[in-house]
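Student: the following block contains a protein sequence and its predicted model.
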Amino acid sequence: MFRVIASAHAAHMTSVCFRIREKDLRLWTGYLDSSSPVRSLRHDLPKLKSLWVFLRCGVWTTPALVFQGAHAHQQQQQQQQNHHQHHQQQQPQQQQQQHGGLGGGGGAGVGAGVGVAGAPGGHMQGGGVGGPQSNNNNHANTNTNGNTNGNINGSNNIPPPPPLPPQPPALPPGAAAVVALGPQGGLPPPPAPPALPPVMLHPPGQADLLDRFFRWERDQGLENLCLSLQGKTGDAEVKVVCIQRLLRQDVRTLAHNYPDELILDPQGDARTRFKRVSGVEVSLELSAMDLVPPA
C-alpha cells in the first residue's frame, strides 16, 4: 500500500481502490484516520476524486455449522413425529386396559349391590318360611289338638309373604362397571398428553444468519472504517463494500425472500443497494461459496 501512495505518481491519482482484510483493519483505520502532514490520505493523494474500499470480513456461517444445523433440524422433526405417533398408539391401549380392569372388578361390585338389594326380600322370604310358617303349624296343631275356635281347614292361617320386587336385567361387565362406578369408572380422568416442543421457525444457525443480514451495517469493523474516513477525503466520492462469504444456497434463499434488498448476479453473488452509514456510502456483498460436507 505505502509503496503505491508514496510513489511520485501518487500526487496525480484521482481514483483509488483499497482491498482490506479484516485482520488488517486496525492498521488501515490508523492510516485513514491520520491527519499527519507527512503520512495521511489527504497528504498522499491530494487530487483524489473517487475512493472505493472493499472490506473482506470473513464467513458468516461455516459449512460445518450449516451442515450440522440442517441435520439436527431434520432429527428434531423426526423425533417430534415419532413422539406424536407413539402417543396416539399408546392412548387407546391405556383406555382398553382401564376398561378391562374395571370390567373384572365391576362385576363383583354389581353382584354385591344386587345381593344387598335382595337381602330384605330374602329375609322376608326366609322369615315367612322359617318363622311364621312354624308358628302357623304350631297354631294349627293347637287348634287341632285343643279343639279351640281355630278351623282345621286352615282358614285362620297367616297369608303368604308378598312376592320379591323385580330385579334389574343383567348388564355386560363393561356397562356394569360404568353404571356402578360412574362414567370415569371411579378413577380420575387420564392425564392430558404432553405438549409437543415448539416448532422452530428457522433451523439452527438460520436465525443467526437473518439477524446478521438485517444488522450488517452495525458491524463494529465497518463502523470503525466509516468513522476513520469522516473528514479525511475532502470532496472525493467514497464507497465501501463489505464482503461476506456465504453458502450459495443461502445467498439464493435471501435473494429470493428479500428481492428489494439484494440483487443477484449471474455468478451467484448478491449485493445490496448503497446506504449511508456514518457519512459514507456502504453496501453489503454476499460472496457465494459451495457447501462441502464434513468427512
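Tutor: Everything's here; your move. Predicted model, so just to flag it, every value in this text is computed and none were measured.

Student: where's residue 36, which helix or strand?
Tutor: Using DSSP states H and E, residue 36 maps to neither a helix nor a strand.

Student: what's the burial count for residue 226?
Tutor: When neighbours are defined as other Cβ atoms under 10 Å, residue 226 has 23 of them. C-beta coordinates here come from the backbone N, C-alpha and C atoms, glycine included.

Student: distance of the residue nearest to it when sequence neighbours are not counted relative to residue 285?
Tutor: Once flanking residues are discounted, residue 226 sits nearest to residue 278: 3.8 Å by Cβ to Cβ, 6 or more residues apart in numbering. Distance of residue 278 to residue 285, computed by Cβ to Cβ, to the nearest Å: 19 Å.

Student: likewise for residue 221?
Tutor: 15 Å.

Student: tell me the mean pLDDT over stretch 220-235?
Tutor: Throughout stretch 220-235, pLDDT has a mean value of 89.

Student: for that stretch, buried residues please.
Tutor: Under the neighbour-count criterion of 16 or more other Cβ atoms under 10 Å, stretch 220-235 has 221, 222, 224, 225, 226, 227, 228, 229, 232, 233 buried.

Student: which of the residues you listed fall in helices?
Tutor: Per DSSP state H, helices hold the following members of the buried residues of stretch 220-235: 221, 222, 224, 225, 226, 227, 228, 229.

Student: shaky segments in the stretch 151-295 of the chain?
Tutor: Residues of the stretch 151-295 of the chain that meet the criterion pLDDT under 70 lie in 151-157, 168-189, 194-207, 292-295.

Student: which parts of it are strands?
Tutor: Assigned by DSSP state E, counting those that start in this stretch, the stretch 151-295 of the chain shows strands spanning 237-247, 262-264, 270-272, 275-277, 280-289.

Student: JSON lines for the ones you listed, including mean neighbour count and distance to residue 60?
Tutor: Converted to JSON lines, the strands of the stretch 151-295 of the chain look like this (neighbours: other Cβ atoms under 10 Å; distance: least, Cβ to Cβ, whole Å):
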{"stretch": "strand 237-247", "mean neighbour count": "20", "distance to residue 60": "5"}
{"stretch": "strand 262-264", "mean neighbour count": "17", "distance to residue 60": "14"}
{"stretch": "strand 270-272", "mean neighbour count": "20", "distance to residue 60": "13"}
{"stretch": "strand 275-277", "mean neighbour count": "14", "distance to residue 60": "18"}
{"stretch": "strand 280-289", "mean neighbour count": "20", "distance to residue 60": "8"}
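
Student: could I get these as CSV with distance to residue 166?
Tutor: Listed next are the strands of the stretch 151-295 of the chain as CSV, based on distance: least, Cβ to Cβ, whole Å:
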stretch, distance to residue 166
strand 237-247, 83
strand 262-264, 86
strand 270-272, 88
strand 275-277, 93
strand 280-289, 88
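
Student: so residue 39, which of the three states?
Tutor: Assigned with DSSP: H, G, I helix; E, B strand; the rest coil, residue 39 falls in the coil class.

Student: tell me, how many residues neighbour it?
Tutor: Neighbour tally, residue 39, other Cβ under 10 Å: 12.

Student: ok, it - contacts?
Tutor: Each residue near residue 39 by Cβ atoms under 8 Å, 6 or more residues apart in numbering is listed here: residue 31.
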